[in-house]
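[1] model this:
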Amino acid sequence: MIAAISLSTNTPAGSTNITVTSGPSGTQTHSKPLTSTLKWLAKSGKLDEALRLIESSPSRLTFTEPDVEAYSLLLHTCISRKSLEHGRRLYLQLLLSKDRGNNHSLLHNPTLKSKLITLYSVCGRMDEARSVFEDGLEDEQVPESVWVAMAIGYLRNGYLVEALLVYFDMLIRFVQPGNFAFSMALKACAELPELRLGRAVHAQIVKSIEEPDQVVNNALLRLYAENGCSIEVFRVFDTMPERNVVSWNSLIASFARRDQVFESLDSFRRMQGEGMGFSWVTLTTILPVCGRLTALHCGKEIHAQIVKSTKRPDVPVLNSLIDMYAKSGEIDYCKRVFERMQSKDLTSWNTLLTGYANNGFIEEGMKLFDQMVESGVRPDGVTFIALLSGCSHAGLTDEGRRLFKKMKLVYGVSPTVEHYACLVDLFGRAGRIKEALDVVERMPMKPTGSIWGSLLNSCRLQGNVSLAECAAKELFELEPTNPGNYVMLSNVYANAGMWTDVNRVRELMKHRGIKKDAGCSWVQIRNRIHTFLAGGGFEFRNSAEFKKVWNELTDAMKEVGYILDTSVVLHDVNEETKAMWVCGHSERVAVTFALVHTAAGMPIRITKNIRICADCHSWVKIVSVITGRLIVLRDTNRFHHFKGGACSCKDHW
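    Numbering: from 1, shown residues only. I've put the predicted structure just below:
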């Protein structure tokens, strides 16, 4: 008896008829159009129709190459759409086919098995993925592709240890790993981080018959970069037969991550010199480096490349550009980039707002905040940290307190320990120590190092020795290796003339192996960054060009009545030594160097690694009058824009 099943499906070419016939033996066959129709349905995303076609006669599941290709294509579409339901329906048909004893090898086909594992893993169903993986694992030799699919599934869902265990189990079963397996294992080792195991994988790569591809080399580069292995990073990078943008990005990011900013910038220039081009990831990595170095010239070059690019820059790149300009003291450029952005996210607003606050333009920051709220953008914790710190440095105590209260009541932002630290600093800088203490005592969480640090700094500004000792005691327990806390307490004692206690703190630092950071300033002239240490730069300071400019400045300063303030030297030495030390402060040498090597009227931008002292602050103000220059100096606390004898911080820093 002959039975027929007919299915009519609309295709772009019209109507396709599928006919299934059953012969006397009961063996079912299907005509060739069935497979092509299934492929077309899968490619068109018509998953329901494709599954109904299979479910209408499960016995049609066969192991011919075209059929496996059709099922694979169907699963590929399920993966791209994360359609768990349709994948489960196909898996059920494969299981039913196995139970009937027909073509059970379909379920163990490496391609289909790998895709099923991938589908379940992208949908976060790792138990089901593992079930598919283990089915038949003991009965047959499972190829590498299936092992890798399972390991990548674990990796995708954050199960790094499990991913490595699958890799090692594969090795135990004598399955030869290839580049897919190597890159997966290296990525897991980099993210854990697990350098020892990563080195073992590297050894397997060296011994492998298969040459490592670019993905494996990039994964090796990232492994060593994440673990700070500079020698290995250079060794892998220099021996790579091919380097792509990802390779260079890994190298640049590895330096940036370890604060090797000069090396990071040099690598970017080398990358450009070799004509490699860049990706947006490259720029979001290097722009913060330019900001940290105040390398405005390099940052502007990158901006020009963004403008010339045929592709529209994404929001993270433009946010990085705003941040670079803000950290270089170019607040007008920040505003210009921000206003020309076609779309903005919360980070865009917060970056400009933080730029205003750090550069001493909190009034503009307040206006921007109002505009942000009116635009329907909901502020977050970062927004209020910027506003509160800006108010603190500008002396807007009451305004800052009002903002703190409105955080929770109006905007629903619960204050964190960082916000309380800003509030303590707000009151402390204003000399309202009792209110600062009240905040510390009443805050709902245990005070952290940032809280006690804010209080200690307030004590330094106000000369409160007893409270400084209490705050320092807490800090020495919370942050025993932070040199800044010891230096701040030492400065409190020195300001009070308590030299015995100063020596006691210094002895404690020596005993604990803690060293104070030496004062350091740097300035970019053209494409080169010049660095000066406090008391250093002898070659330049002994040059005729330095002495000429220095003497002209000294004479001009005497005429306006400037007198060197040696009280900023917190050491028990004679006045002559103090004067010599103050004149050797790194920012003075950097400013003089810039005056020598830049054209008249050009702005000068200096970055310093510690807080500028009060006398250098006065000295730079007068230099800005004498030379008619804008001098932007960035220290650890904030930006100082010196122009015409005034500073943007209004002498409140």
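
[2] for the protein, which segments count as strands?
    With DSSP state E as the criterion, the chain has strands at 3-11, 14-22, 28-30, 520-525, 528-533, 604-608, 631-634, 639-643, 646-647.

[3] just for this structure, where's the confidence low?
    Along the chain, the parts satisfying pLDDT under 70 run over 1-33, 57-66, 98-105.

[4] domain map for it?
    If you go by the TED database, the domain ranges for the chain are 262-343, 520-647.

[5] ends of the shortest one, what's the gap?
    Domain 262-343 has an end-to-end distance of 32 Å (Cα to Cα, to the nearest Å).

[6] cool, the longest one as well?
    This stretch, domain 520-647, spans 21 Å end to end (Cα to Cα).

[7] check the offset of that domain from the chain's centre.
    Centroid separation for domain 520-647 versus its chain: 33 Å, with Cα atoms, centre = their mean, to the nearest Å.

[8] do the same with the first one
    Taking the mean C-alpha point of domain 262-343 and that of its whole chain, the gap between them comes to 15 Å (Cα atoms, centre = their mean).

[9] related to what we said a few turns ago, between the domains of the chain, which one is closest to Gly87.
    domain 262-343 (32.2 Å; Cβ to Cβ). C-beta: built from backbone N, CA, C; applies to glycine.

[10] contacting residues for Asn249?
    279, 281-282, 285 (Cβ atoms under 8 Å, 6 or more residues apart in numbering).

[11] most tightly surrounded among the domains of the chain?
    domain 262-343 (a mean of 19; mean count of other Cβ atoms under 10 Å).

[12] quick one: residues in contact with stretch 643-652.
    With Cβ under 8 Å, 6+ apart as the test, stretch 643-652 has contacts from 359-361, 393-395, 429, 617, 620-622, 624-625, 630-631, 638-642.

[13] those residues in helices, which ones?
    Mapping these onto helices (DSSP state H) picks out 393-394, 429, 617, 620-622, 624-625.

[14] which stretches in the stretch 301-450 of the chain count as helices?
    315-327, 331-340, 346-358, 362-374, 381-394, 397-411, 417-429, 433-442, 449-462 (DSSP state H, counting those that start in this stretch).

[15] how about these in JSON lines, adding distance to Leu293?
    Formatted as JSON lines, the helices of the stretch 301-450 of the chain follow (distance: least, Cβ to Cβ, whole Å):
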{"stretch": "helix 315-327", "distance to Leu293": "9"}
{"stretch": "helix 331-340", "distance to Leu293": "16"}
{"stretch": "helix 346-358", "distance to Leu293": "16"}
{"stretch": "helix 362-374", "distance to Leu293": "24"}
{"stretch": "helix 381-394", "distance to Leu293": "22"}
{"stretch": "helix 397-411", "distance to Leu293": "31"}
{"stretch": "helix 417-429", "distance to Leu293": "26"}
{"stretch": "helix 433-442", "distance to Leu293": "34"}
{"stretch": "helix 449-462", "distance to Leu293": "25"}
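
[16] would you mind saying which of those helices lies nearest Ala200?
    Ala200 lies closest to helix 315-327 among these, at 35.6 Å (Cβ to Cβ).

[17] by how many degrees do that closest one and strand 639-643 diverge?
    Put simply, helix 315-327 runs at 50 degrees to strand 639-643, going by axes from the mean of the first three to the mean of the last three Cα atoms, to 10 degrees.

[18] who's in contact with helix 315-327?
    By Cβ under 8 Å, 6+ apart, the residues outside helix 315-327 that reach it are 280, 283-284, 287-288, 290-292, 294, 296, 299, 302-303, 306, 313, 331, 333-334, 337-338, 341, 343-345, 347-348, 351-352, 354-355, 358-359, 634.

[19] cutoff 6 Å now
    Helix 315-327 has contacts (Cβ atoms under 6 Å, 6 or more residues apart in numbering) with 280, 283-284, 287, 290-291, 299, 333-334, 337-338, 341, 345, 347-348, 351-352, 355.

[20] repeat that for stretch 135-145.
    With contacts defined as Cβ under 6 Å, 6+ apart, stretch 135-145 is touched by 108, 110, 114, 175, 178, 181.

[21] one more pass at 7 Å, please.
    If you take Cβ atoms under 7 Å, 6 or more residues apart in numbering as the criterion, stretch 135-145 is touched by 107-108, 110, 114, 175-178, 181.

[22] what are the buried residues along that stretch?
    136, 142, 144-145 (16 or more other Cβ atoms under 10 Å).

[23] can you give me the helices in the stretch 51-200 of the chain?
    Applying DSSP H, counting those that start in this stretch to the stretch 51-200 of the chain gives helices spanning 65-81, 84-99, 110-122, 126-134, 144-156, 160-172, 179-191, 195-207.

[24] still on that earlier bit, can I get the contacts of Asn249 in CSV with distance to Glu194?
    Shown next, in CSV, are those (distance: Cβ to Cβ, whole Å):
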residue, distance to Glu194
Ser279, 28
Val281, 24
Thr282, 27
Thr285, 24
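
[25] geometrically speaking, which residue is the centre of this structure?
    Geometric centre of the chain, nearest residue: Thr285, 7.7 Å, by Cα atoms, centre = their mean.

[26] could you pull up the residues touching that one?
    Thr285 neighbours (Cβ under 7 Å, 6+ apart): 249, 252-253, 256.

[27] same deal with Glu128?
    Applying Cβ under 7 Å, 6+ apart to Glu128 gives the contacts Tyr120.

[28] hmm, back to that, need the max-distance pair from the contacts of Thr285.
    Farthest-apart pair in the contacts of Thr285 is Asn249 and Ala256; separation 10.2 Å (Cβ to Cβ).

[29] circling back: next, format the contacts of stretch 135-145 as CSV and append neighbour count.
    CSV is the format used below for these (neighbours: other Cβ atoms under 10 Å):
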residue, neighbour count
Leu107, 19
His108, 17
Pro110, 13
Ser114, 24
Val175, 18
Gln176, 13
Pro177, 20
Gly178, 17
Ala181, 25
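
[30] centre of the chain to stretch 68-88, how far?
    In this view, stretch 68-88 has its centroid 35 Å away from the chain centroid, taken as Cα atoms, centre = their mean.

[31] er, stretch 354-363 I mean
    Here stretch 354-363 is found 23 Å from its chain centre; the criterion is Cα atoms, centre = their mean.

[32] then that stretch to CSV, C-alphas only?
    Provided in CSV are the C-alpha atoms of stretch 354-363 (Å, rounded to 0.1, in the frame of the first residue of the first chain):
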residue,chain,number,x,y,z
THR,A,354,33.0,66.4,36.4
GLY,A,355,35.2,68.4,34.1
TYR,A,356,33.5,71.6,35.2
ALA,A,357,33.8,70.7,38.9
ASN,A,358,37.5,69.7,38.7
ASN,A,359,38.5,72.8,36.7
GLY,A,360,36.9,75.1,39.2
PHE,A,361,33.8,76.1,37.1
ILE,A,362,31.2,74.7,39.4
GLU,A,363,28.7,77.5,38.6
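
[33] need the contact partners of it.
    Residues outside stretch 354-363 that contact it (Cβ under 7 Å, 6+ apart): 322, 326, 329, 331, 334, 364-365, 368, 386-387, 389-391, 393-394, 396, 638-639, 641, 648-649.

[34] same check on stretch 505-512?
    With Cβ under 7 Å, 6+ apart, stretch 505-512 has contacts from 480, 483, 486, 489-490, 493.
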